[in-house]
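>>> Attaching a predicted model along with its sequence, questions to come.
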Amino acid sequence: MLDIKSDGERKVIEKLHDQKHLKPLGDPNNGWDVKYARELDMTNDAWLFKSRDWMARRGFTQVLPVRGEDGAWTQERKGPGSVAGVPDELPPGGEYWVAASASYYESRGYEKREGAIKDEPRTWYIHSEDLALVNQKGSRFSEDHFRIFPGAQYTALYEGRMVHNFEHAQKAYVGGEGRKTIWKDIELEDKRLASRVFVTLEETGEPGPYRLGFCDVTGATNERTTLAALVSPASLAGNAVPTLTSPDIKQTLVVTAIMNSFVFDSLARLRVSTHLNWTYASALTLPMASSLPETTVREITERVLRLSCTTPELAPYWNEVFPDDPWSYDSAERDPWERATLRAELDAIVAEAYGLSVPEYARILTTFPLLDRNFESLPGDLFLTEGDDSTPEDRKIEAPDGVWDAKPRSFITRDFALLTYIRRQKQPIPERLDDWFRDEVGLDSEGPLSRFRVGEVKDLEAREEEAKKLGAVPYVPTTRG
């Protein structure tokens, strides 16, 4: 969290609030036509959620994306087979489930029901076992819990673990419920939507055309506080992933970039504790839409699409912007270093749009102390945390402001993002980074306000090269375990 102890820090914060071209996200005069929504409540709307096990026992066909040895992607179907009456042509992507035909359910004795859903006439079916549950004395279920719409597609429900910076499929559901739920990271080459539960738009209605979702559950001291991503037009989100919807695709893409930037994130860290709800998010400033030239908008939209469109569910975004170059699995950038370059460029573009100088941006970057913990540090690079008498002697630093535990730490993301902005601003590359932070940023790495120490490699460009040799990759989230 930004530690407001010096004039330099106060000036950066004031600048991010007082410039005329910056307005809060919730200000109707900011030019961004975005509408906030909490789409489905994980408790009150739980009756809409369908599990894999229930659908497998009710004649549904599971559609899974399969990547072959040649790298090509196909679809695999698991279910009753041809008797289910599922069409040969189905939308690409997955995982999703498709209900069987009306004739399938009628021939197997399912109860038929008719009525209006969202003011539209609909037909649905209910299995006898589910009806028995409904009719039990004191049952908490109603028939609405078990409706099957023949031929309907049941798509992934977004939950918080699935969303990260420019990632709508960060994790896949493995098993368990509640606090024992298990999720696993999905590699870039194998991105797919793999949620815990599924819903159908037949019951919920269509979401807006262009949407981003962001994690509500977060923290000011997390590795990153603001996590935002484009979300599928065919899927809805739970309350832990509120959405911003716009009729303008470019606005959605640009706001996604801004919310994922270090600058916007630093503002969030000043306000939030455990939740980034609309009360907080709407108060965070961003550049007005009119302040961004069309060339800047184009720079942003192209990069956001290359980062985001990793699965077929996001193909509509790509195809809207690039109609002459239809989406394929090769459209998304999947190389980690190339993705890092795109993200650093986006961060630099946004910092420039906020009107920050290079030293001011450097100050912002030092307020994210938990990055890059999975990587080997450069020789002598250290990060200081509060220590005590139990701190090992080889890591203990005693200073006037207390005892510190100095642990080796990689700073590849900070260094890479800073170097990218310096190049964009056509400024000299620091040969001695510690002196530059002291003289230009006003943050002495040996002083009481700094918690990082620059080691033996001091030239900023050399630091990037040496960290790369050690296997470090910028912008890669720290994994647990």
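Sure thing, it's come through.

>>> which residues does W327 contact?
Taking CB atoms under 8 Å, 6 or more residues apart in numbering, we find W327 in contact with 309, 312, 314-315, 318-319. C-beta coordinates here come from the backbone N, C-alpha and C atoms, glycine included.

>>> which pair in these spans the largest distance?
Using CB to CB, the pair of the contacts of W327 lying farthest apart is P312 and N319, separated by 10.7 Å.

>>> who has more neighbours, these two?
P312 (23 against 15; other CB atoms under 10 Å).

>>> Hmm, L90 and the more buried one touching each other?
No: under the criterion of CB atoms under 8 Å, P312 is not in contact with L90, lying 11.0 Å apart.

>>> Could you check how many residues crowd around the closest residue in space to A399 that isn't next to it in sequence?
In space, and not counting its chain neighbours, A399 is closest to P448: 6.8 Å by CB to CB, 6 or more residues apart in numbering. When neighbours are counted by other CB under 10 Å, P448 registers 11.

>>> T285 now?
Count around T285 with other CB under 10 Å applied: 21.

>>> what residue lies at the spatial centre of this protein?
Most central in the chain under CA atoms, centre = their mean is H164, positioned 2.3 Å from the mean C-alpha point.

>>> need the strands for the stretch 351-481 of the chain, in chain order.
382-386, 396-399, 402-408, 452-453 (DSSP state E, counting those that start in this stretch).

>>> Now W183: which helix or strand?
Assigned by DSSP states H and E, W183 belongs to strand 182-185.

>>> shaky segments in this structure?
Applying pLDDT under 70 to the chain picks out residues 1-6, 480-481.

>>> Give me the subset of the contacts of W327 lying in helices.
Among the contacts of W327, DSSP state H puts 315, 318-319 in helices.

>>> what's the closest of those residues to I13?
I13 lies nearest to W318 out of these, by CB to CB, at 37.0 Å.

>>> for the closest one, what are its contacts?
W318 neighbours (CB under 8 Å, 6+ apart): 305, 309, 326-327, 331.

>>> The residues you listed in helices, which ones?
Short answer: these in helices (DSSP H) are L305.

>>> farthest-separated two in the contacts of W318?
Top of the distance list for these (CB to CB): L305 and P326, 12.7 Å.

>>> who's more crowded, the two?
L305 (25 against 10).

>>> Might one say that the residue nearest to A399 is in contact with W404?
No: using CB under 8 Å, P448 makes no contact with W404, being 10.2 Å away.

>>> Show me the helices in the stretch 101-250 of the chain, by range?
Applying DSSP state H, counting those that start in this stretch to the stretch 101-250 of the chain gives helices spanning 102-107, 128-135, 201-204, 249-259.

>>> deepest of those helices, which one?
Each of the helices of the stretch 101-250 of the chain was scored by mean neighbour count; the highest is helix 249-259, a mean of 24, by mean count of other CB atoms under 10 Å.

>>> Show me what it packs onto, helices and strands only.
The contact analysis (3 or more CB pairs under 8 Å, 6 or more residues apart in numbering; DSSP states H and E) places helix 249-259 against strand 210-214, strand 228-230, strand 243-246, strand 285-287, helix 294-308, helix 315-321, helix 336-354.

>>> Given the fourth one, what are its sheet partners and their directions?
I take that to be strand 285-287. Partner strands for strand 285-287, per DSSP bridges, with pairing direction: strand 22-24 (antiparallel).

>>> Following the partner strand in sequence, what is the next regular element?
Counting by DSSP H and E, what follows strand 22-24 is strand 35-37.

>>> Please enumerate residues in contact with whichever helix or strand comes after that following strand?
Downstream of strand 35-37, the first helix or strand assigned by DSSP H and E is helix 52-56. Applying CB under 8 Å, 6+ apart, the contact partners of helix 52-56 are 62, 79, 97, 99, 154, 198.

>>> Now do the end-to-end distance for stretch 401-414.
End-to-end distance for stretch 401-414, by CA to CA, to the nearest Å: 25 Å.

>>> Same check on stretch 375-388?
26 Å.

>>> Other residues contacting that stretch?
In contact with stretch 375-388 (CB under 8 Å, 6+ apart) are residues 369, 395-397, 402-412, 451-457, 463, 466-467, 470-473, 476.

>>> TSV for the helices of the stretch 101-250 of the chain, including distance to E352?
Formatted as TSV, the helices of the stretch 101-250 of the chain follow (distance: least, CB to CB, whole Å):
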stretch	distance to E352
helix 102-107	57
helix 128-135	57
helix 201-204	40
helix 249-259	12
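
>>> which one of the ones you listed lies closest to W47?
Using CB to CB, the helices of the stretch 101-250 of the chain put helix 201-204 closest to W47, at 9.4 Å.

>>> Only alpha carbons, please: show the closest one as PDB.
Provided in PDB are the C-alpha atoms of helix 201-204 (Å, rounded to 0.1, in the frame of the first residue of the first chain):
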ATOM      1  CA  LEU A 201     -29.000 -17.900 -20.700                       C
ATOM      2  CA  GLU A 202     -32.500 -19.500 -21.300                       C
ATOM      3  CA  GLU A 203     -33.200 -18.800 -17.600                       C
ATOM      4  CA  THR A 204     -31.100 -15.700 -16.900                       C
END
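
>>> Distance from the chain centre to it, please.
25 Å (CA atoms, centre = their mean, to the nearest Å).
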